[in-house]
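In: below are the sequence and a predicted model; questions follow.
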Amino acid sequence: MTVTDFLKIYTQTNVLRMLFLGFSAGLPLLLVFGTLSFWLREAGLELSAIGFFSWIGLVYAFKWAWSPLVDQLPIPVLTARFGKRRSWLLVSQIAVGIGLFGIATSDPSKGISGLIGFALLTAFASATQDIALDAFRIESGLIEDQGAMAATYQMGYRLAMITSSAGALFLASWFDYTENIYEPEPWMYSYMCMALLMLVGMVTTILSPEPSPKTSHKNSEWDTRSRLERLVSWFKNAAVMPFLDFIRRYRLQAIVLLAMISLYRISDIVMGVMSNPFYLDMGFSKQEIATVSKIFGVIMTILGALVGGSLIKYLGVFKILFIGAALSSLTNLLFAWLSVNEPSIGALTLTVSADNFSAGIASAAFIAYLSSLTNIQYSATQYALFSSLMFLFPKSIAGWSGVFVETWGYAYFFLTTALIGIPSLALVWLIRKVSIEGKPQN
């Protein structure tokens, strides 16, 4: 494989477009979780409270519940103008911007009820954007392009994470004239700037073509049915058929597939809740955290995603899935090592680089594999189910991460997050074995 072969696929328009849409998808995530946990810790909240606050992330785990609406329901006026996928993208992107502006006007040191409300709005709108965007991506490219599209999506996603983490921290630090005294204004100004950056996704959505419409479930008798019959038919096609279709295609293997999906990213998701409080408690400054963890680390994630996306085409998705899962678990041991040593920028850089590079490989492979499991007729609903499962169990456990750290310390916490990733390796191996001996995955 030459460098030209490596780069050629990334020059396709449908692949490049995912860079900007991935940016729009990645921007709100850390602003609701990682960066916000830094703000909450600086405002004086306990680790246990920060851990419980992460349960807002369960919104992403239940997006399958409203994904049939996004998959099938038109939005008045907008759908006729932009199409089904782009209209939902645009509405959700606007809602994310409103939620971020709401967070910017909150002060957690004076109470978090209002902040929780705006964070929930942002998470709900962000999850809705993910539903529409996943369907848009799957329907905009061939199966063989999905690895590269996933990698480019991850690149945009991770660039947004640099912006929403390092960028937000740098802005908060720049607006902060009293570094050792907590003030809410620097964070408020920072979040207002982040809200404005949602314009990147809005503009890209408006300028992008709508994917070709797929086969409709309606028939010639649709207009002659009663309102109740039409409602029942719509519910069956939108909410029931996507799940029945998956079970029918994979049968008993569906159980193993769903188990693997729910456990694949568990090490990273559970560990990630405490990463920013850990850096702060270790004594690193905002600038050091922003530079090493949020800029250099995310660049390593992008490199990992590019490598993973390219290797999938030549080595197959299962090998990269296994490698990514193994590396994601092993690199958590570096955090355990870091926690029992004196703070060192060099050690932090090594740990963050290895962890993020591994996460990039795992994410590219995971997205490509989930995309291959969907039926194009139900792409939004089925992909939402898969990605929801990815968050449900890990986020449920992650809510207790602050309590675990307060009781046992960071070293045992990181060791535990490494160990809980082992079952995903066995499941990837099992699925690969079944797919070779039985019917190949599509």
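Out: Structure received.
In: can you pull the contacts of Phe136?
Out: 21, 85-86, 89, 208, 211 (C-beta atoms under 8 Å, 6 or more residues apart in numbering). Where C-beta positions appear, they are placed from N, C-alpha and C, glycine not excepted.
In: actually Val428, not the one I wrote
Out: Shown in contact with Val428 (C-beta under 8 Å, 6+ apart): 260, 264, 318, 321-322, 325.
In: same thing but 7 Å
Out: 260, 318, 321-322, 325 (C-beta atoms under 7 Å, 6 or more residues apart in numbering).
In: pull out the buried members of those.
Out: The neighbour count (16 or more other C-beta atoms under 10 Å) marks 260, 318, 321-322, 325 as buried among those.
In: and which of these is nearest Phe366?
Out: Leu321 (6.7 Å; C-beta to C-beta).
In: report pLDDT for the closest one.
Out: As predicted, Leu321 sits at a pLDDT of 91.
In: any low-confidence regions in the stretch 151-300 of the chain?
Out: In the predicted model, the stretch 151-300 of the chain carries pLDDT under 70 at residues 177-180, 213-231, 234-239, 294.
In: in helices only, show me the contacts of Val428.
Out: Using DSSP state H, the members of these that fall in helices are 260, 318, 321-322, 325.
In: would you list these in JSON lines and tack on distance to Leu121?
Out: Shown next, in JSON lines, are the ones in helices among the contacts of Val428 (distance: C-beta to C-beta, whole Å):
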{"residue": "Met260", "distance to Leu121": "32"}
{"residue": "Phe318", "distance to Leu121": "38"}
{"residue": "Leu321", "distance to Leu121": "34"}
{"residue": "Phe322", "distance to Leu121": "38"}
{"residue": "Ala325", "distance to Leu121": "33"}
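In: with respect to Thr13, which of these is nearest?
Out: Distance ranking of the ones in helices among the contacts of Val428 against Thr13, using C-beta to C-beta, places Leu321 first at 27.8 Å.
In: relative to Gly308, how far out is the closest one?
Out: 9 Å (C-beta to C-beta, to the nearest Å).
In: what do you get for Lys395?
Out: Distance of Lys395 to Gly308, given as C-beta to C-beta: 24 Å.
In: between those two, who's got more neighbours?
Out: Gly308 (31 against 22; other C-beta atoms under 10 Å).
In: what is the helix or strand harbouring that one packed up against?
Out: In the assignment (DSSP states H and E), Gly308 maps to helix 297-315. On a contact count with 3 or more C-beta pairs under 7 Å, 6 or more residues apart in numbering; DSSP states H and E, helix 297-315 meets helix 146-162, helix 317-330, helix 345-373.
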